[in-house]
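Visitor: take a look and give me a structure for this.
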Amino acid sequence: MGWPEYQKANTPDISWQSHARLRQILALASLWMLASLGCGFGPRSLVQTRLAYNEAVKTTSEEQFLLNIVRLRYTNTPSSLAISNIADQQELASEFQAIPFFLAGAADGFRSQALPQASLSRASRPTLSYTPLDDEEYTQRLFTPISLNGAFYLSRTTWPISTVFRLYLENLNWISNAETASGPTPKCAPDYAQFLEGINALQELQDAQLVQLFIDQQEEIVAGPFPDPPNAPDLAIKAVEMELEVRKESQGFCLIRKTAQPMLAIDPSAKLNPAWDTFCRCFHVDPEAIALKITAEELPPFHTDNGQSLELLDLETRSLLQVLFFVSHGIDVPSEHVLDGKVPMTCNPDGTSFDWKQVMDGLFCVHCTKSKKRPENAYVAVRYEDHWYYIDQTDRDTKATFALLLEVSRLELQSSESNAPLLTIPLGRYGQARK
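Guide: Here you go, the predicted structure:
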């Protein structure tokens, strides 16, 4: 056989039937690849990515918050980055081709074939923007004590009143709640026992529904009465600007100031409960009181009752930074870090080491372990100083306290328009391809 005949006999025979079959194969292959990729674009991409990003933001926010608490226990500076923007660009690319090749036959030499090949790739290019929380507004909120109204409304949430008061009060009627623990670890043991005893008694009364927090709407005459003013409309406008009310009484016009006074109501049957006697003794409260006014720093320092019981609960509140310092003493630290001086130690009067579990019992506890892997029973865990610090998955009290602290920190420190620079990080291309 000459070369022309050989070339003709072995030239790929791709007729119109072959082209049709090839198109069918490529179409089926493309449909299969689209189905295998889940067609994850448009609304489907929202289903695939939203909860994943949500879980990632939640997990890293909790870890960052716990890390800052651990840093404070080591007397190191906390630092936070807020996620200000998440942009995720999706891309789909496809390619179809037919590759001719020859097969050796036993009788007729070579036989031509066309191998269809198709590829479909999907790429995701997320971009994250971070805002460093170190501006003046953030620092001011970090150091500003929580308001009386804030402490009062937290006490009316589903969290126990003892948890809220133990976290956010420096003292109550000048009875100290381990005030020296509201900063770097003190050298001497804090004063806490009387406060803790009284707060536990208050929690017992609340559990028995013998005490109830409420708001008493009170009115105070700040000016008047006086005759009909010639410019009553102007006076009314100015009164509104001063958050006052103009009211006509029988003797003339008066300027009224309305205030919302937080109160603690006491059920008469509470007097029969031993917890009421304990509460009154610890905080020098009048046992015959039917309601206690809740105030902020109205009692003077070094107050002496002179045999007279109080009919109020006077609070001194903590800032968020003070609260975080306080709960940081609930962290178990390695003994070698104490010996090395990395972690400050608190001593009893006899020189022995003070056990902070006495203060933090039932409130907050972070465990420590030295291992390469994250603890399996960890609810939240961070690695610091070659150790894992974690909250146990079964510790309901610590988990509840941690959730309360995290939510309140978001309210207190939620960044508004900040002049701090944004750190934008393109995460590159993450995709998958099927052939």
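Visitor: phi first, then psi, for the nearest residue to residue 152 once chain neighbours are set aside.
Guide: Excluding the flanking residues, the one nearest residue 152 by Cβ to Cβ, 6 or more residues apart in numbering is residue 262, at 4.4 Å. C-beta: built from backbone N, CA, C; applies to glycine. Residue 262 adopts backbone torsions of phi -70, psi 140, taken as degrees, to the nearest 10.
Visitor: tell me what residue 262 is bridged to.
Guide: residue 215 (DSSP bridges).
Visitor: how many other residues sit next to it?
Guide: Counted with other Cβ atoms under 10 Å, the neighbours of residue 262 add up to 22.
Visitor: can you check residue 258 too?
Guide: Residues near residue 258, counting by other Cβ under 10 Å: 11.
Visitor: likewise for residue 159?
Guide: 16.
Visitor: just residue 263 next, same as before
Guide: Residue 263, neighbours per other Cβ under 10 Å, totals 19.
Visitor: pretty sure it is touching residue 211, no?
Guide: No. Between residue 263 and residue 211 there is no contact under Cβ atoms under 8 Å: 10.4 Å.
Visitor: give the contact list for residue 269.
Guide: Contact analysis of residue 269 by Cβ atoms under 8 Å, 6 or more residues apart in numbering lists residue 210.
Visitor: next, give phi and psi for residue 350.
Guide: phi -90, psi 0.
Visitor: and the gap between it and residue 181?
Guide: Distance of residue 350 to residue 181, computed by Cβ to Cβ, to the nearest Å: 20 Å.
Visitor: ditto for residue 140
Guide: From residue 140 to residue 181 the distance is 23 Å (Cβ to Cβ).
Visitor: swap in residue 191?
Guide: 10 Å.
Visitor: so the two - more neighbours on which side?
Guide: residue 181 (26 against 15).
Visitor: just checking, that one touches residue 359?
Guide: Yes. Look at residue 181 against residue 359 with Cβ under 8 Å: they come within range, at 6.8 Å.
Visitor: shared neighbours of those two, anything?
Guide: Common neighbours of residue 181 and residue 359 (Cβ under 8 Å, 6+ apart) are 190, 192, 329.
Visitor: now do the contacts for the first one.
Guide: Spelled out, that is residue 190. 176, 178, 179, 180, 181, 346, 359.
Visitor: now with 7 Å, please.
Guide: Each residue near residue 190 by Cβ atoms under 7 Å, 6 or more residues apart in numbering is listed here: 178, 179, 180, 181, 359.
Visitor: hey, where'd the helices end up in this protein?
Guide: Secondary structure of the chain (DSSP state H): helices located at 3-9, 16-37, 43-73, 136-143, 148-155, 161-168, 193-207, 232-241, 274-283, 320-328, 335-339, 357-360, 396-413.
Visitor: show me the shaky parts of the protein.
Guide: When residues are selected by pLDDT under 70, those of the chain lie in 1-48, 88-125, 135, 219-224, 228-243, 247-251, 302-308, 412-435.
Visitor: now do stretch 197-216: distance from first to last residue.
Guide: By Cα to Cα, to the nearest Å, the extent of stretch 197-216 from end to end equals 28 Å.
Visitor: and for stretch 322-337?
Guide: 23 Å.
Visitor: list the buried residues for it?
Guide: Residues of stretch 322-337 classed as buried: 322-331, 333-334, 337 (neighbour count, 16 or more other Cβ atoms under 10 Å).
Visitor: likewise stretch 195-202?
Guide: For stretch 195-202, by 16+ other Cβ under 10 Å, it's 195, 196, 198, 199, 200, 201, 202.
Visitor: in TSV: the residues you listed, plus distance to residue 280.
Guide: Shown next, in TSV, are the buried residues of stretch 195-202 (distance: Cβ to Cβ, whole Å):
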residue	distance to residue 280
195	14
196	16
198	9
199	13
200	14
201	9
202	10
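Visitor: of these, which is the nearest to residue 318?
Guide: Each of the buried residues of stretch 195-202 was checked against residue 318 using Cβ to Cβ; the closest is residue 195, at 13.0 Å.
Visitor: now do the same contact list for the closest one.
Guide: 172, 175, 176, 177 are the contacts of residue 195 under Cβ under 7 Å, 6+ apart.
Visitor: identify, from the residues you listed, the entry nearest to residue 218.
Guide: Closest to residue 218, out of all of the contacts of residue 195 and judged by Cβ to Cβ, is residue 172, at 22.2 Å.
Visitor: ok, residue 134 to residue 55 distance?
Guide: 27 Å.
Visitor: and residue 279, by the same measure?
Guide: Residue 279 is 43 Å from residue 55, by Cβ to Cβ.
Visitor: who's more crowded, those two?
Guide: residue 279 (24 against 10).
Visitor: and the gap between the more buried one and residue 162?
Guide: 11 Å.
Visitor: quickly list what's touching both of the two.
Guide: residue 202.
Visitor: picking that back up, could you save the shared contacts of residue 181 and residue 359 as JSON lines and add columns showing distance to residue 391?
Guide: Converted to JSON lines, those look like this (distance: Cβ to Cβ, whole Å):
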{"residue": "190", "distance to residue 391": "23"}
{"residue": "192", "distance to residue 391": "22"}
{"residue": "329", "distance to residue 391": "15"}
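Visitor: identify the bridge partners of residue 145.
Guide: Where residue 145 sits in a bridge, its partners, by DSSP bridges, are residue 319.
Visitor: now do residue 253
Guide: residue 226, residue 248.
Visitor: settle this for me: it is touching residue 225, isn't it.
Guide: Yes. Residue 253 is within contact range of residue 225, at 6.3 Å (criterion: Cβ atoms under 7 Å).
Visitor: between the two, tell me which one has more neighbours.
Guide: Between residue 253 and residue 225, counted using other Cβ under 10 Å, the more crowded position is residue 253 (19 against 14).
Visitor: ok, now how distant is the more buried one from residue 217?
Guide: 21 Å.
Visitor: likewise residue 50?
Guide: Taking Cβ to Cβ, one finds residue 50 at 44 Å from residue 217.
Visitor: neighbour count: the two, which is higher?
Guide: residue 50 (11 against 8).
Visitor: how far away is residue 202 from residue 345?
Guide: Counting by Cβ to Cβ - residue 202 and residue 345 are separated by 32 Å.
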